[in-house]
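Student: this is the structure alone, sequence omitted:
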């Protein structure tokens, strides 16, 4: 985890062409101490992620269609520099949309095939 001492692994799916950077913990912590801009940008990013997670939890009792549409809007925001919920979503497997919506892939597939939405 970011601010814990234990190690963590994760799979990452990029929505757009991306580059990664690996930093040693000491280097990262030094950057946070010497760069208020980086610390602030990280706080803003983590705040957005926390708000999105809270929103997803709030949708847990909603209808499946609502959850799929909310996941698509979140994907659009993530793919847009302006966080536009109507931005074009890069091609993405339906299973990834299903995971974001908290639904089975088959349920997500049915919703997408019955709507005007084509992924």
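Tutor: Yep, it's here. None of these values were measured; they are calculated from a predicted model.

Student: how close does the residue lying farthest from the centre of the chain get to residue 48?
Tutor: Going by CA atoms, centre = their mean, the residue of the chain most distant from its centre is residue 34, 27.9 Å out. Per CB to CB, to the nearest Å, residue 34 is found 24 Å from residue 48. In this view, the C-beta of every residue, glycine as well, is placed from N, C-alpha and C.

Student: ditto for residue 91
Tutor: 23 Å.

Student: more neighbours, the two?
Tutor: residue 48 (13 against 6; other CB atoms under 10 Å).

Student: where does the more buried one fall, secondary structure wise?
Tutor: helix 36-58 (DSSP states H and E).

Student: average model confidence for the next helix or strand after that helix?
Tutor: With elements assigned by DSSP H and E, the helix or strand that comes after helix 36-58 is helix 64-79. For helix 64-79, the mean per-residue pLDDT is 88.

Student: what angle do the very next helix or strand once past helix 64-79 and helix 64-79 make?
Tutor: The helix or strand immediately downstream of helix 64-79 is helix 94-101, counting by DSSP H and E. Comparing the axes of helix 94-101 and helix 64-79 via axes from the mean of the first three to the mean of the last three CA atoms, to 10 degrees yields an angle of 100 degrees.

Student: what angle do helix 36-58 and helix 94-101 make with each other?
Tutor: 90 degrees.
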